[in-house]
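# Pasted the sequence and its predicted model underneath.
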Amino acid sequence: MKIGLLGFGVVGRGVYEITAARDDMQVVKVLCLEDIQLPDAEVVHDFQSILNDESIDTVVEAMGGLHPAYDFVRAALEAGKNIVTSNKALVATFYDDLLPLAESKGLAFRCTAAVGGGIGWLSELERVRRVETVSMVGGIMNGTCNYILDSMTRLGLDYGEALSQAQALGYAERNPSTDVDGIDTWHKLILSSNIAFGVSLERDGVPAAGISKISAADVANFAEHGYVCKLVSHGTQCDGVYSAFVQPTLYAQGALEAAVPTNFNLITLDGEVSGRQSFYGQGAGRYPTAYNVVQDCVSLLSGKGFYCPYGKKVTVDNSCTRRYYVRGASDAWIQSVAAENWNGAVVTGPVAVSEMHAWLKNNPDAFIAAIAE
């Protein structure tokens, strides 16, 4: 396998280092803006050098972001090159474009590292789908948010302190909004649900609530009532009805989810035969992520393409109900669904997920958390 590598940051460098020890694949060209020297690969500044190189059969995209990553990946597919990417935003956003194109060209497209870093979650979904129907996927998919929430819970930090600590350790970006507003988890949920259920979710119907409005007082409130807060995703299918959403969720202190520490992930599926399975591990980092990129390259060598056939477009129905903790805003509707008061915060009775997220959209300074039953 001859590889054209797009990007030489954290993940790209890891891919280069791992493949250098193998004799079944080689990075022959690296697209990089910096003037670096590599002993066995040509560093180029123009994507056309990779696109027009007929010896390169596989493009590994490790740039991140939507553009120019999408433009390069689409051009590579048009040119007959297989794709491996760790870019969850790219795949979730352009799912309906890139997957049919890869199928029509008879090319392979793999993105295992896009969800779960080193866990291998998507390849496990591929394996499970061979013998059973998956009814649920979801869990803790963002290490940045889990680190912040874990630090607030264990160390008593406020949100700003925990975020600063995460940034100092390299777990959070300088602008952390993609993580803390739930967008990163949203991309991962959409991609996981599409593969698990063999469909293409209507993305506009999948709401996401984040953790940026949480306070130390909230965390203390949760502890007083026996709960721990985590940012989780949840996707289900049942009799042709699909539900998907991202939101902070309160788990009893003895629950498995409540014990997930620092920047780790815990992602779960429910299968009709195997039942509930959870996968735990590092959700990010150079070598865990690069490991699954290289695993995808090995899968390509064994003839594996995408994890499932491209599926039909489906709408999302979030009429399922949850009880919610709500703090920071109140109006007639919140008062009408209130069932308890936790030190000035409202705890609702059962409320449709779609209603709660619609309310939050009009009250962006509020913080909500579902209560796991």
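Okay, I see it.

# From now on I want contacts and neighbour counts done on CA atoms only, so please keep to that.
Fine.

# The residue of the chain positioned farthest from its centre and Ala338: what is the separation?
Distance from the C-alpha centroid of the chain peaks at Ala332, with 35.2 Å (C-alpha atoms, centre = their mean). Distance, Ala332 to Ala338, using C-alpha to C-alpha, to the nearest Å: 10 Å.

# now the residue nearest to Ile371 when sequence neighbours are not counted, what's its secondary structure?
Once flanking residues are discounted, Ile371 sits nearest to Leu250: 4.8 Å by C-alpha to C-alpha, 6 or more residues apart in numbering. Following DSSP: H, G, I helix; E, B strand; the rest coil, Leu250 is assigned to strand.

# After the host helix or strand of Arg74, heading C-terminal, what element do we hit next?
Secondary structure assignment for Arg74, by DSSP states H and E: helix 69-78. Next in sequence after helix 69-78, counting helices and strands by DSSP H and E, comes strand 82-85.

# Please list the residues outside that next one that contact it.
If you take C-alpha atoms under 8 Å, 6 or more residues apart in numbering as the criterion, strand 82-85 is touched by 57-62, 73, 76-77, 107-114, 293, 296-297.

# same thing but at 7 Å, please
Residues from elsewhere that reach strand 82-85 (C-alpha atoms under 7 Å, 6 or more residues apart in numbering): 57-62, 107-111, 293, 296.

# ok, now stretch 104-124?
80-88, 102, 141, 188, 192, 265, 279-284, 288-289, 291-293, 296, 300, 304-306.

# now Tyr147: how far from Ile211?
To Ile211, Tyr147 is 12 Å away according to C-alpha to C-alpha.

# again, but for Pro261
Computed as C-alpha to C-alpha, the Pro261 to Ile211 distance reads 17 Å.

# who has more neighbours, the two?
Ile211 (24 against 17; other C-alpha atoms under 10 Å).

# Let me see the contact set for Phe306.
Phe306 is in contact with 108-110, counting by C-alpha under 7 Å, 6+ apart.

# Check Cys238 too.
Ser135.

# Could I get the phi/psi values of it?
The phi/psi pair for Cys238 (degrees, to the nearest 10) reads phi -160, psi 120.

# what bridges to it?
Beta bridges link Cys238 to Val241, judged by DSSP bridges.

# How much space separates it from Thr133?
Distance from Cys238 to Thr133, by C-alpha to C-alpha: 10 Å.

# which residue is nearest the centroid of this protein?
Lys188 (2.7 Å).

# Please list all residues in contact with it.
88, 115.

# can I assume it sits in a helix?
Yes: counting by three-state DSSP, Lys188 is found in a helix.

# beta partners of Ala208?
Applying DSSP bridges to Ala208, the residues it is bridged with are Val246.

# What's the local residue count around it?
The number of residues near Ala208, taken as other C-alpha under 10 Å, comes to 21.

# Quick check: it touching Thr185?
No: in this structure, Ala208 is not within contact of Thr185 by C-alpha atoms under 7 Å, at 8.3 Å.

# so how far is Ser330 from the residue nearest to Asn343 when sequence neighbours are not counted?
Excluding the flanking residues, the one nearest Asn343 by C-alpha to C-alpha, 6+ apart is Asn221, at 7.3 Å. For Asn221, the distance to Ser330 equals 18 Å [C-alpha to C-alpha].

# Ok, Val115 next?
Taking C-alpha to C-alpha as the measure, Val115 falls 36 Å from Ser330.

# Looking at those two, which is more packed in?
Val115 (28 against 14).

# Make CSV out of the contacts of Phe306 and add pLDDT.
CSV is the format used below for the contacts of Phe306 (pLDDT from 0 to 100):
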residue, pLDDT
Ala108, 98
Phe109, 98
Arg110, 98
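
# could you pull out the helices for the protein?
Along the chain, the segments classed as helices by DSSP state H run 10-19, 47-51, 69-78, 88-93, 95-105, 121-129, 143-155, 159-168, 177-180, 183-197, 216-224, 286-301, 332-337, 353-361.

# and those helices, which is most packed in?
Sort the helices of the chain by mean neighbour count, taking mean count of other C-alpha atoms under 10 Å, and helix 183-197 sits at the top with a mean of 25.

# and that helix, how far from the chain's centre?
6 Å (C-alpha atoms, centre = their mean, to the nearest Å).

# so it versus helix 143-155, what angle?
120 degrees (axes from the mean of the first three to the mean of the last three C-alpha atoms, to 10 degrees).

# the inter-axis angle of helix 183-197 versus helix 121-129?
Using the same axes, to 10 degrees: helix 183-197 against helix 121-129 is 20 degrees.

# Now helix 183-197 - C-alpha only, CSV.
The C-alpha trace of helix 183-197 is given here as CSV (Å, rounded to 0.1, in the frame of the first residue of the first chain):
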residue,chain,number,x,y,z
ILE,A,183,-20.8,19.4,18.8
ASP,A,184,-17.9,16.9,18.8
THR,A,185,-20.1,14.3,20.6
TRP,A,186,-23.0,15.2,18.1
HIS,A,187,-20.8,14.3,15.1
LYS,A,188,-19.7,11.0,16.8
LEU,A,189,-23.3,10.1,17.6
ILE,A,190,-24.6,10.7,14.1
LEU,A,191,-21.8,8.6,12.6
SER,A,192,-22.3,5.8,15.1
SER,A,193,-26.0,5.8,14.6
ASN,A,194,-25.7,5.7,10.8
ILE,A,195,-23.4,2.7,10.9
ALA,A,196,-25.2,0.9,13.7
PHE,A,197,-28.7,1.3,12.2
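
# isn't Leu250 right up against Lys230?
Yes: with contacts counted by C-alpha under 7 Å, Leu250 reaches Lys230, the gap being 6.5 Å.
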